[in-house]
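Participant: Pasting a predicted model and its sequence here:
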Amino acid sequence: MNDLMKPENYSFTATAPSNIAFIKYWGKRDAELQWPANDSLSMTLSACKTITTVKRIDGDRDVFHFAGVTVSSDVEPSHKVFRHLQFLRKELNIARALEVESRNLFPTGCGVASSASGFAALTLATVAALTGHHEWGQLSVLGLSRERLAHLARRGSGSAGRSMFGGFVHWAAGQSADAQKIEQIAPASHWQLADIVVILSDKEKHTSSTNAHQAAWGSPLFPARLAGAPSRIEAIFSDIKEHNIESLGQEIENDALEMHAVAMTGTPQVNYFLPETTKFIAWVRSERLAGNLPAWFTIDAGPNIHLICESRNVALITAKIKSTWPKSQLIIDKIGDGPTLKQGLLSESHSEVHYV
């Protein structure tokens, strides 16, 4: 076989992390254009990630492999992966059939932002396969800067845009869909924070984030949330700059509870909490008040809890959780540097995250 025809020479692999939103966007002004109702701010993770390989293939249909299941675009043309491939081909004006192989290294669809890492990895690997370039500098020359790639990724899943950067990331909604901006506000090296993910359920959530976003507009609490979002963003900017974990923690807890209150009072109402979620929140606050737990919670669209803390306190917090909640499953993660892209096939060297 000619070297140019070897699979690894026309395959490209992206590894993209999930992210945890400190200030969450909830509700969309335009669902098709992925224009959020408010700004959001997140921390990119390190271990919770998606690995995706995309390669050009002959023919006129796309193929997607995930979790032991294979689907093709001629059978399921409306599949969200195939819709995103079509969008990317149109944006790049390159029409080629593609084969996608993807896997998550953490639980899917249970509130750990698997769609963020998934669509970030899919976007990067697809752009590389279509253009034949995998270096960030090469892509930038083609007009595909990191921010441009972030906006392409958010069209698949809004939060995927934030996963295109490492460290702390701000997604500004702007005054119009075209005025949105996604940028890193501080690198991972700025502040070593950790995220201890408490898995209370690894089942897929009963209501997709997409549907819950639309329900938000029916909540009587939603206008107040939108009005307060700018000041909360500014507060968190300051907290990150000054390494103020206590102020940051209070802001992220308030934001998470406010978002879930909007979901619970929307039309229709959406409740992601399990009884264990509420019990764990109460325990965290009680232990912190007693001076035993230097950690603060946030919760995405799902029942599972993210405990944010400084990395030096991970062992202490983990031991405390295990002593009180011995059956709990924990994923220990930390702030990360963002996605990677290379030429070649999907590597088997990446191991799944282990529960503690």
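Facilitator: All right, it came through fine. Numbering: from 1, shown residues only.

Participant: Can I take it that S18 is in a strand?
Facilitator: Yes: counting by DSSP: H, G, I helix; E, B strand; the rest coil, S18 is part of a strand.

Participant: Tell me who's in contact with it.
Facilitator: 45, 48-50, 106, 112-114, 116-117, 163 (C-beta atoms under 8 Å, 6 or more residues apart in numbering). All C-beta atoms are positioned from the backbone trio N, CA, C, and that covers glycine.

Participant: Helices along the protein, start to end?
Facilitator: 80-92, 114-131, 136-141, 146-154, 209-215, 222-242, 245-264, 275-289, 314-324 (DSSP state H).

Participant: Give the burial count for K90, as a bare number.
Facilitator: Residues within reach of K90, counting by other C-beta atoms under 10 Å, total 10.

Participant: what pLDDT does it get?
Facilitator: We have a pLDDT of 97 for K90.

Participant: How about G336: what's its closest non-neighbour residue?
Facilitator: Nearest in space to G336, with sequence neighbours left out and distances taken as C-beta to C-beta, 6 or more residues apart in numbering, is S46 at 3.2 Å.

Participant: ok, now K342?
Facilitator: In space, K342 is closest to T13, 5.6 Å off (C-beta to C-beta, 6+ apart).

Participant: so what's the one you found bridging to?
Facilitator: Going by DSSP bridges, T13 is paired in beta bridges with T53, K342.

Participant: ditto for V69
Facilitator: With DSSP bridges as the rule, V69 is bridged to F66.

Participant: going forward, begin numbering at 56 instead of 1
Facilitator: Done: numbering now begins at 56, and the last item shifts to V124.

Participant: State the number of residues packed around it.
Facilitator: 7.

Participant: Return the alpha-carbon coordinates of the worst-scoring helix or strand of the chain on mean pLDDT using PDB.
Facilitator: Between all helices and strands in the chain, the lowest mean by mean pLDDT, DSSP states H and E belongs to helix 264-270, at a mean of 88. The C-alpha trace of helix 264-270 is given here as PDB (Å, rounded to 0.1, in the frame of the first residue of the first chain):
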ATOM      1  CA  SER A 264     -31.100  20.200  27.700                       C
ATOM      2  CA  THR A 265     -32.500  21.300  24.300                       C
ATOM      3  CA  ASN A 266     -36.100  20.800  25.500                       C
ATOM      4  CA  ALA A 267     -35.400  22.300  28.900                       C
ATOM      5  CA  HIS A 268     -33.900  25.400  27.400                       C
ATOM      6  CA  GLN A 269     -37.200  26.200  25.600                       C
ATOM      7  CA  ALA A 270     -39.200  25.500  28.800                       C
END
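
Participant: which strands and helices sit next to that helix?
Facilitator: If contacts are counted by 3 or more C-beta pairs under 8 Å, 6 or more residues apart in numbering; DSSP states H and E, helix 264-270 sits against no helix or strand.

Participant: So what's the gap between it and the chain middle?
Facilitator: Remark: helix 264-270 is offset 16 Å from the chain centroid, using C-alpha atoms, centre = their mean, to the nearest Å.
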